[in-house]
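Participant: Predicted model follows, preceded by the sequence.
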Amino acid sequence: MSPDLPQPPVAENAHRSIDLTKIGEGRYKATNARGGVLPIGSGGDPDFTPVELLLAAIAGCSAIDVDLITGKRAGAISLDVVAEGDKVRDEGGNHLTDLQVTFRVRFPHGEEGDRAREALPRAVAQSRDRLCTVGRTVQLGAPIEYHER
């Protein structure tokens, strides 16, 4: 972290968890601690695949950051984000390369909209470089321990 940036506060309950249950052939249900449910598929149905969920998580995390920052100046008329990458199989195994996140944001005309437009590049950079937990985890990498019980 850059020394000129303040340390962000850490949530009191920093632990995050979901439960995943098989609900059919190649289909699963993820449930969060608040009771939210999300179907996940293997690609043979309309459900999001795990790779699509990763892209959605990156886009969603940054969209929330950017919307909160620019929204202090003016609410967006529209905010669309495209997250994309190429799935490859190489000596590193299956993974994504060339990850890109593209924002298309429109703000209202006028002084407040001008301030929001001016803040947009910095908000995107802050999300990329410091705020978005999902994107930062992908960029920095984190070991994953696998267990069986």
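Facilitator: Structure's in. What do you need?

Participant: Which helix or strand lies directly C-terminal to the helix or strand R117 falls within?
Facilitator: Element membership for R117, per DSSP states H and E: helix 111-126. Next in sequence after helix 111-126, counting helices and strands by DSSP H and E, comes helix 133-140.

Participant: Mind checking the pLDDT average for that following helix?
Facilitator: For helix 133-140, mean pLDDT rounds to 98.

Participant: Check stretch 22-38 too.
Facilitator: Across stretch 22-38, the average pLDDT comes to 97.

Participant: Could you pull out the buried residues of that stretch?
Facilitator: Counting neighbours by 16 or more other CB atoms under 10 Å, one finds that the buried residues in stretch 22-38 are 28, 30. Quick note: C-beta positions are derived from backbone N, CA and C, even for glycine.

Participant: Relative to the whole chain's centre, how far out is it?
Facilitator: Shown here is stretch 22-38, whose average C-alpha point lies 19 Å from the average C-alpha point of the whole chain (CA atoms, centre = their mean, to the nearest Å).

Participant: Hmm, R115 is touching A74, no?
Facilitator: Yes - in this structure, R115 is within contact of A74 by CB atoms under 8 Å, at 6.6 Å.
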